[in-house]
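Chemist: this one's sequence-less:
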């Protein structure tokens, strides 16, 4: 583990020393990186290529776009110099929500809808997209045997929790300078 950390730190120092002037934002979650880049696409590709030439077991892949990228379970876009984000799932994803008749504890099955609705609410900057995704999430739960009344109540609880500030905050500002 220490070896991997050493390689990661060396690559981070390299990124910042050579390409720091282009990096407007740097976000890391475990082994995933998101860079908000002000340089050209060619310079971004050069950086990835240079990183991969450093002797290390760690190799980078990249998704470079001037409009939108997928990062973890988010799609992050730039529109009029502002970041927008929404929940992202791959087109090949299936409905893997825990079935209502599973042998899991009742408390878990009861808390799952609210947790997933909160996830949709807090991972959307656009209210219209959020509402579409909440409807889709509701349908996914219905397909897995959950009762509509329980889902409506869970959705209301999630909206109240968000409005009262009882849900985690997104970790970055939405305006680019």
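Modeler: Nice, thanks for sending it over. The structure presented is a predicted model; accordingly, all values stated were derived computationally and were not measured.
Chemist: can you map out the helices along the chain?
Modeler: Counting by DSSP state H, one finds helices in the chain at the ranges 2-19, 41-53, 106-122, 127-143, 148-163.
Chemist: tabulate these in CSV, adding columns for mean pLDDT, mean neighbour count and distance to residue 33.
Modeler: All C-beta atoms are positioned from the backbone trio N, CA, C, and that covers glycine. As requested, the helices of the chain are exported to CSV (pLDDT from 0 to 100; neighbours: other CB atoms under 10 Å; distance: least, CB to CB, whole Å):
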stretch, mean pLDDT, mean neighbour count, distance to residue 33
helix 2-19, 70, 13, 9
helix 41-53, 91, 14, 10
helix 106-122, 95, 17, 22
helix 127-143, 97, 15, 25
helix 148-163, 94, 15, 28
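Chemist: where does residue 147 land on pLDDT?
Modeler: Reading off the per-residue confidence, residue 147 sits at a pLDDT of 97.
Chemist: over to the closest residue to it other than its chain neighbours: give its phi and psi.
Modeler: Nearest non-adjacent residue to residue 147, counting by CB to CB, 6 or more residues apart in numbering: residue 100, 7.8 Å away. When read as degrees, to the nearest 10, the backbone of residue 100 gives phi -60, psi -20.
Chemist: give me the neighbour count for residue 100.
Modeler: The burial metric for residue 100, expressed as a neighbour count using other CB atoms under 10 Å, is 16.
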